[in-house]
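Asks: quick one, what's the 3D model for this:
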Amino acid sequence: MAAFLASAALILCAIDGGVLDALPTPPPEIEADASSSPPVPIYTVWDRLAACESTSRWHVNTGNGYYGGVQQDMLFWRRYGGLEFAARPDLASREEQIVIAERGLAVQGWGAWPVCSRRLGLR
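Replies: Numbers count the residues shown, from 1 in each chain. Here you go, the predicted structure:
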């Protein structure tokens, strides 16, 4: 897992104008005590996708019809139950946006994020 997380920092994501920026270094894993399950990484594939889609701005609304960290449109948000959390993705928490993204992923696959999922090697 540590090797995967370390390699995530090396993945490059092209941003407008062809400028390449390295993704941020992932935060450390959550400490686990003896009675809990194994540590869960804080930095996930969704954080990598958000770094590419919105430069990790989970509450962004740029006016382009896509909202939040992984740039969900309102049809996607409504279709997969986002209204149970907030009126728009950018008004929901990172965790709530991920819940909806995972529901959409289960139906649509990574093609719901065609450019960044390809750049990140997810499809």
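
Asks: what's the pLDDT at Tyr43?
Replies: What the model reports as pLDDT for Tyr43 is 76.

Asks: hang on, I meant Thr25
Replies: Note for Thr25: predicted pLDDT of 49.

Asks: where does the prediction get shaky in this protein?
Replies: 1-42 (pLDDT under 70).

Asks: show me where it has its strands.
Replies: Secondary structure of the chain (DSSP state E): strands at 12-15, 19-22.

Asks: quick one: end-to-end length of stretch 66-85, please.
Replies: 17 Å (Cα to Cα, to the nearest Å).

Asks: got it, and stretch 103-118?
Replies: Span of stretch 103-118 from end to end, Cα to Cα: 19 Å.

Asks: repeat that for stretch 115-123.
Replies: Using Cα to Cα, one end of stretch 115-123 lies 10 Å from the other.

Asks: and what of stretch 52-59?
Replies: OK, stretch 52-59 end separation, Cα to Cα: 15 Å.

Asks: next up, the contacts around the nearest residue in space to Trp77 that is not next to it in sequence.
Replies: Counting by Cβ to Cβ, 6 or more residues apart in numbering, Pro89 is the residue found nearest to Trp77 once chain neighbours are left out, at 5.3 Å. (C-beta placed from N, C-alpha, C; glycine too.) Going by Cβ atoms under 8 Å, 6 or more residues apart in numbering, Pro89 touches Tyr67, Gly68, Gly69, Val70, Gln72, Trp77, Gly82, Gln97, Ile100.
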